[in-house]
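K.L.:
sequence? don't have it. structure:
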């Protein structure tokens, strides 16, 4: 399912999340991460289906979509779903990188990282540090806002119209 409006919004939104210097260097040299953003957007419905949700076109007026998993509930089931979606995002990102010719390695600097296409985060989820897992979690937590900006909403599977 290609969500054309979502792709444009997702690109702008996720570009805003990418504030690390390496992303800025890569964007300067390689024209940005448009492909990465498109693939992240394409994967949103897949992630949502994994937890029994789906994407549907919103009916006006556009009201904000509530957080997928409100932090104040502290529900164990919600934490497990968030981790599942974060793991899925990391696996998607790793697959995208591997298909683009990237390999695991520890670069000397950002220049070498981009030039040789090596990345130290091409590892299983369990081998990531909490800070690095947080990057995948940020992608997942952004889903409701990205969908809302593009005119979509989240519904239970089978409820979309």
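P.N.:
Thanks, I have it. Note that this is a predicted model, so its numbers are computed, not measured.
K.L.:
so what's residue 86 closest to, chain neighbours aside?
P.N.:
residue 136 (4.2 Å; CB to CB, 6 or more residues apart in numbering). Bear in mind the C-beta positions are built from the backbone N, C-alpha and C, glycine included.
K.L.:
Please identify which helix or strand holds the one you found.
P.N.:
helix 130-141 (DSSP states H and E).
K.L.:
try residue 153
P.N.:
In this assignment (DSSP H and E), residue 153 forms part of strand 152-156.
K.L.:
which strands and helices sit next to that strand?
P.N.:
If contacts are counted by 3 or more CB pairs under 8 Å, 6 or more residues apart in numbering; DSSP states H and E, strand 152-156 sits against strand 53-57, helix 143-149.
K.L.:
Turn these into a markdown table, including distance to residue 102, mean neighbour count and mean pLDDT.
P.N.:
Listed next are those as a markdown table, based on distance: least, CB to CB, whole Å; neighbours: other CB atoms under 10 Å; pLDDT from 0 to 100:
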| stretch | distance to residue 102 | mean neighbour count | mean pLDDT |
| --- | --- | --- | --- |
| strand 53-57 | 29 | 17 | 87 |
| helix 143-149 | 25 | 20 | 86 |
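K.L.:
Of these, which is nearest residue 108?
P.N.:
helix 143-149 (34.8 Å; CB to CB).
K.L.:
Report all helices and strands that the closest one contacts.
P.N.:
helix 4-17, helix 34-50, strand 152-156.
K.L.:
swap the cut-off to 10 Å and go again
P.N.:
helix 4-17, helix 34-50, strand 53-57, strand 152-156 (3 or more CB pairs under 10 Å, 6 or more residues apart in numbering; DSSP states H and E).
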